[in-house]
Each structure stands twice: as structure tokens, then as C-alpha cells.
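In: take this sequence and fold it.
(chains A and B)
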2 protein chains.
Amino acid sequence: MSQSKKWMWVSAVFCTTLAVSLSVPLSALSNNEDAALISKANTLFKPLPVTDALENNEFTPLRVALGKALFYETRVSSDGRLGCATCHNAAYHGADALALSVGIHGKVLPRNAPTVFNTSLLVAQHYGGNRASVEEQAFKSLLSPLAYGNTTNDQVETKLIKLGYTSLFKAAYPSDAKPVSVENWSKAIGAFERTLMTPAPFDRFLKGDANALSKTAKLGLEKFISTGCAGCHNGTVVGGQTYQKFGITQDYWLVTGSTPKDAFKGYDKGRFHDTKNEADAFMFKVPQLRNVAATAPYFHDGSVETLPQAVKVMAQLQLGKQLSDEDVSHIVSFLEALTGDIPSDFAQVPQLPAAPH
Amino acid sequence: MSQSKKWMWVSAVFCTTLAVSLSVPLSALSNNEDAALISKANTLFKPLPVTDALENNEFTPLRVALGKALFYETRVSSDGRLGCATCHNAAYHGADALALSVGIHGKVLPRNAPTVFNTSLLVAQHYGGNRASVEEQAFKSLLSPLAYGNTTNDQVETKLIKLGYTSLFKAAYPSDAKPVSVENWSKAIGAFERTLMTPAPFDRFLKGDANALSKTAKLGLEKFISTGCAGCHNGTVVGGQTYQKFGITQDYWLVTGSTPKDAFKGYDKGRFHDTKNEADAFMFKVPQLRNVAATAPYFHDGSVETLPQAVKVMAQLQLGKQLSDEDVSHIVSFLEALTGDIPSDFAQVPQLPAAPH
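Out: Sure, this is the predicted structure:
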């Protein structure tokens, strides 16, 4: 398939959004202040791409469709009830609305599930960054005792064949000698996830439409920048590119109400648990802020329930600032402009292969 | 809202199906045999209605929409991960594709989940018939320790208010002094479920379209009737109206491979566990057969994996007959013609209220 053809189908999905953004005339800039804010914002932030293509995971409609089926498939997990969509639920903007996620056999996981939207654009996956890509995250979840709970890759492949997936894998990976493989399982899911971009009003603003943000959202954007939030929360997904210590001015649990976790033998020390390097203690990946208003509760352990409270906590813990209620309210207005539409067919549950008979 | 207006929106959804069925000319009957089979089938079976209206649960678009949201809502359950859609999943034709369902905290339930489609047309809910209606089933699941696991109705109502459902309940039940109530929770879900009808090729056949069934499906229908299956599996949903002893010719577990269950202190004795009446021992509600080909595994405990095997087991256990592989294959073809389309927007996951902030 040619490069141009390959993209036609993906582009088509987003044509409405593109048409809107491209058709905004400069005259829509209501005044110089708006123009200056748009200009300033463009030095810190970037609009979302249409999809997040990956050189080593070429994606085609059949692979994305297979990935979507596997994303919703629960029978691959060891209790038959967990799929990617369990923690990344369309009803909750690609997350699960829980403080801590629940894995197989009702096991409570030690961390909060982030939204799956735009997540391939992050520097790595998981709060500790111990998964290099969405493909690796999917791959390793198969044998995780808390997630899918399988014991071997062979077991997974046998399940997929028994469930009737062979023809779908063959169609998606026609030149592979062994199409039904855990490698292709994770590649297909990765391909699907790389289409899950959620362009939001803020993208239209960045592209020049001053009316895409309300007056309070613009005040919030100014405050978000002047307070220092944009120091870490910048770029295409408004964060997600670096690791930072959580709790610079004081221990985070004193403010968030976080509790020690058995999995960490105490308070969660973030990246340290993966690297065992003391320099990484309490270092967490900076979360993206896209869709943050739709994905409560907050922080790595979901310890804070509301967005205004999360904004206050961050200003205090990371920047040593006490924000007024008005400032918080403006910043929240700005953050609400980062909520995008659910990707076109993400919320349409696919019909999965009935077990063969 | 007038009676006629009230039905306009529901009817619209199904207009295509109706148009197809009404436009079939009598000349489509290919020959006298077809005409005779259609005529015979009409003495035993009935086409599905458009919806299953209920006098005591008047439904409006707002109530159905609220019911759909609550059907997909997981945060009302005590571990935050179970909703109606967990066991009645669009990916698996309104069931969960498991032998035994999984409730909160990973607890394995003692019975298999049937599809939610057309279920309001059954004589009662659950294999033992201990829920009179879909509304009662929804209502009682809230305090069930295996299902939603709540301890009081007040707790449920408090959750619903905190989750931001107040305005939706008020809009759906504007004249209620207390709109957010567990009664309205179950009524709204019931209203939604009563729209979940799945007209299938067999309905078109019953309405006169001889070509709606393949030749083997017609042979299967003949065999289904002549073998005696239609003695219990008849009517609108091809079963679901009576209770019958499971295992007439011998104990069912000798053929199905069923195992004793802790919940029943031994083998599942069906209706007996609810009535404590020895006459009800091993009496189970006859399941509907609509969508049976899409809802493996089979029987009250999911002990049989494939449809051909389930057909054989039934003939042997209930009718004392050994069916040939060819007969089984024909009957399976007929049963496949009972698979309907997923109701229009059932598979579109609704966006649920984000927790208020």
C-alpha cells in the first residue's frame, strides 16, 4: 500500500476537525491580546497529530480493527473478565474512574489507570516509565499476575486460536509465517491505540481560533503559564515527556492523603521501584493533561478526587504556591478545554468472535 | 406525551426491519413445502415485537437513555468495576462468554449469565425464576453480595448523587418528589432492557419470507419440531416460558460434566434452591434460544462449550434421543437463524457523568 493511500483512511476520520481548524480566518482573532496569547501558547504547546504513526509498527485498517477487537477481548485474561477496555473504558474517557484499578480475580492494583487516549505520544508508559511503548505495555500485561495473569506466551496464543482469531490475524499479517503470536497481539493493539487521538478546543486555539477558548479559559491559560505549570506540562499532550519528583516542597502524602501500599512496602516512590536508584526516589512521569477534566480521580494513586483540589495540590507541592480559588477556577476552565471528543469509533464495542463450534 | 408520539421514536429504530418484512410478497414462497413449513412454524413460534412495553414502567427516550447510562455505570458497585454491561457485554451478544460469571472482587458466581436481549419477554428472570421481571432483577442486584455488593439502598442513592446523576434522574422522572431512587434506577434499566429486541432471519421467515432460512436451516427447523425440541422451546423467544426438569432420562451432570457448587452445597438443583420444594428439584427455566449460536458456553453452568454438543446433550437428556451428526448440523443451522442484530445503539458505550468537581 502506498504511503499516501495508507493515510487516506485515517485522515478521513479527522477531516471535520481539520476542516474547522483550517478554515479559521485570521480575522477571528478578536484582538491583539488573543493574538499574543495564541503566539505565546504556540511556543509551549503543539496541536495533536492526526495519528501517531510508528515506523516499526506499520498500521493498516485490518491491523487497527484487529487491535480494537483484542482491546475489547476479555477471554484472554485468566479470569475471563479483563481486557484493555476494562481499565480504559469509553464510558470514562479511556480510563476507569477508579482511584486504583482492579485487575483479574478482583486484585486491586497499586496505581491509578491513566487514559489510553494520546498515550502513545508520552515518553514511556506507566507512572514509572517502565514500559517503553504502548506495544510493550500491551505485551507485558499478558503475563502480569495483576493484569491478564497468563503464565506463558504459548498459553495466550492457544487461547487466541481457540477463540477463533486465526483468520483475523492472518488477514492482518498475511506475510507472517506465524500470524497468531503475542508479538502481533501487541502490535495490533499498539496500532489501534496510536489512532486514539483526541483533538480538543485547545488545538483549535493553537491553530489560531481565538474563540475556541472561553474568556475564563484564556485567563486560566495565562495563569497556567505564569504560575509555572507549563514548566512540566507542555508540548503536544501538555506533559508526559519528563520525570519529576512528586512533592518538591514537602512529602506528597502529607497533602494528598496517600497511604502506603503493600506493593511498594510503604509509600509509592515512583521510578525508584523500577530502577532501584535512590536518585529516582519519588520521581514519576509527568502525566499528560489532555482529558484531565474527564478522568478523575487524580495522581498516581487517585488520592485526590476533584480537579480544583488537584490543581491546588500541584501548585503547593511542586511550586510552593497557594493559588486563590479564582485562579484555580480559571485554570480548571483552561484544563476543560483540553477535553477532546472520544475518537470516532472507540466507543462502539466490536462484536468478537464467538467460540468456534 | 400522546400514545402515538411515544411510540414514534421506538418504531423509527426498527423501521428498516419492518419495511423488509412487510415488503415480502407471497410469491417469495418458493414452493408448497416452504409455505407449509412457514405455516407450521407459525403455530409454534411468533415474531419478536418491536419493544416489550410494560404498563407499570412507561418508558420515554429520557428514561431509556438514563437506563442505558446506568446499565454501563460501574461505579455503583462496591469494587467500582461491575455494571450490568459486565455480564451483558455487547462484544458477546449481551452475555459474557464465560461458563460462570464473575461478580465484584473477582467472586465467581454459581451460574452462567444469559443474554440480556429479549429477556424481558421471559416468564421470569434467572435460571430459577426468582426474579419476576427485569426491573426486579436490576433492583435486587444492587444489594446482592455477589453482584453490586451494596449494603443499603441509601448507599446506592448517595453514590448516584455524588456521581452527578441527579439532573438525569430529574429529567427522566420530572414529577417524582425523589427522582434519584433505587426504584427509578431499576425502572430506567428495565425500560432500556425492554427495547433490546433482536429480530432475526427466523422472524422474516415467520412473516412469509421463505428465503430468510437456508435449505439446511429449514431442514433443521423440521427436525427441531419433529424431534420434540419445540415442545419446550416455542413461542416468541423460542423458550423462556416454562420450567422443566433438566435431566429427564438421567442426571444431567453425567452427560454435561457439571460439577457440584459450594453455593448449592452440591449439584445445582435449580428452582428448588429458591422454593425449597422437593417438587422443584432440578427444575430450571427453559432458556430462550434466540441468539443461542452467539452465546456459548451452554446450560445453567456453562458446562458445555459448543452448540452441536449442547444440541446432542439436550436430545439425550430431555428426549432420550441420539441425534445423528447430520441432524445436529441441520438443527444448528436453524438455531443460527435465531441470531439477531445487536440492537442499534446497544454497542455504543455512553459517556457517563464525570464525578462532579
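
In: check which residues of stretch A:232-245 are buried.
Out: A:232-241, A:243-245 (16 or more other C-beta atoms under 10 Å in any protein chain shown). All C-beta atoms are positioned from the backbone trio N, CA, C, and that covers glycine.

In: in strands, which of the residues you listed fall?
Out: Among these, the residues falling in strands (DSSP state E) are A:243-245.

In: list just the nearest of those to A:Val311.
Out: A:Val311 has its nearest neighbour among these in A:Gln244, at 16.2 Å by C-beta to C-beta.

In: thinking again about what came up before, now the ones in strands among the buried residues of stretch A:232-245 in JSON lines, with distance to B:Thr306 and pLDDT?
Out: Formatted as JSON lines, those follow (distance: C-beta to C-beta, whole Å; pLDDT from 0 to 100):
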{"residue": "A:Tyr243", "distance to B:Thr306": "51", "pLDDT": "97"}
{"residue": "A:Gln244", "distance to B:Thr306": "54", "pLDDT": "97"}
{"residue": "A:Lys245", "distance to B:Thr306": "56", "pLDDT": "97"}
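
In: between these, which sits nearest A:Ser324?
Out: A:Gln244 (24.2 Å).

In: wait, isn't that closest one in contact with A:Gln318?
Out: Yes - with contact defined as C-beta atoms under 8 Å, A:Gln244 and A:Gln318 form a contacting pair (7.4 Å).

In: shared neighbours, those two?
Out: Applying C-beta atoms under 8 Å, 6 or more residues apart in numbering or on different chains, one finds that A:Gln244 and A:Gln318 are jointly contacted by A:Cys232.

In: now the strands for the stretch 1-150 of chain A?
Out: Remark: no strands are assigned in the stretch 1-150 of chain A by DSSP state E, counting those that start in this stretch.

In: so which bits of it are right by chain B?
Out: Taking C-beta under 8 Å from any C-beta of the partner chain as the contact definition, the stretch 1-150 of chain A meets chain B at A:72-75, A:79-81, A:86, A:89-93, A:96-98, A:102, A:104-107.

In: select from these every entry located in helices.
Out: Among these, DSSP state H puts A:72, A:86 in helices.

In: figure out the length between the terminal residues of stretch A:128-146.
Out: In stretch A:128-146, first residue to last residue: 17 Å (C-alpha to C-alpha, to the nearest Å).

In: list the buried residues in that stretch.
Out: A:128-131, A:133-143, A:146.

In: with stretch A:217-229 instead?
Out: Those buried within stretch A:217-229 under the rule 16+ other C-beta under 10 Å are A:217-225, A:227, A:229.

In: from the buried residues of stretch A:128-146, pick the one nearest B:Val313.
Out: Distances from B:Val313 to these, taken by C-beta to C-beta, are shortest for A:Leu142, at 33.8 Å.

In: close enough to count as contact, that closest one and A:Asn150?
Out: Yes - using C-beta under 8 Å, A:Leu142 makes contact with A:Asn150 at a distance of 5.3 Å.

In: joint contacts of those two?
Out: In contact with both A:Leu142 and A:Asn150: A:76, A:156, using C-beta under 8 Å, 6+ apart.

In: count of neighbours near whichever residue of the stretch 51-200 of chain A sits closest to chain B?
Out: In the stretch 51-200 of chain A, the residue that lies nearest chain B is A:Gly106 (2.8 Å; C-beta to the nearest C-beta). Close neighbours of A:Gly106, defined as other C-beta atoms under 10 Å in any protein chain shown, add up to 17.

In: that one and B:Leu82 touch, don't they?
Out: No - using C-beta under 8 Å, A:Gly106 is not in contact with B:Leu82; the gap is 9.8 Å.

In: any common contacting residues for those two?
Out: B:Ile104.

In: number of residues surrounding A:Thr158?
Out: 12.

In: what's the next secondary structure element after the host helix or strand of it?
Out: Here A:Thr158 sits within helix A:153-162, counting by DSSP states H and E. Downstream of helix A:153-162, the first helix or strand assigned by DSSP H and E is helix A:166-172.

In: CA atoms of that next one as PDB?
Out: Extracted in PDB, the C-alpha atoms of helix A:166-172 (Å, rounded to 0.1, in the frame of the first residue of the first chain):
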ATOM      1  CA  THR A 166      -6.800 -17.100  13.400                       C
ATOM      2  CA  SER A 167      -8.400 -15.700  10.300                       C
ATOM      3  CA  LEU A 168      -8.300 -12.200  11.600                       C
ATOM      4  CA  PHE A 169      -4.600 -12.400  12.400                       C
ATOM      5  CA  LYS A 170      -3.900 -14.000   9.000                       C
ATOM      6  CA  ALA A 171      -5.700 -11.200   7.300                       C
ATOM      7  CA  ALA A 172      -3.900  -8.500   9.300                       C
END
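
In: so is that helix next to chain B?
Out: No - Helix A:166-172 stays clear of chain B (C-beta under 8 Å from any C-beta), getting no nearer than 13.9 Å.

In: what does that helix rub up against?
Out: A:60, A:62-63, A:65-66, A:69, A:160, A:179-181, A:184, A:188, A:353.

In: who are the packing partners of the helix or strand that it is followed by?
Out: Using DSSP H and E, the helix or strand that follows helix A:166-172 in sequence is helix A:182-193. Using 3 or more C-beta pairs under 8 Å, 6 or more residues apart in numbering or on different chains; DSSP states H and E, the elements in contact with helix A:182-193 are helix A:61-72, helix A:134-141, helix A:153-162, helix A:166-172.

In: would JSON lines of those with distance to A:Lys261 and mean pLDDT be doable?
Out: Formatted as JSON lines, the helices and strands packed on helix A:182-193 follow (distance: least, C-beta to C-beta, whole Å; pLDDT from 0 to 100):
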{"stretch": "helix A:61-72", "distance to A:Lys261": "27", "mean pLDDT": "97"}
{"stretch": "helix A:134-141", "distance to A:Lys261": "19", "mean pLDDT": "97"}
{"stretch": "helix A:153-162", "distance to A:Lys261": "28", "mean pLDDT": "97"}
{"stretch": "helix A:166-172", "distance to A:Lys261": "38", "mean pLDDT": "97"}
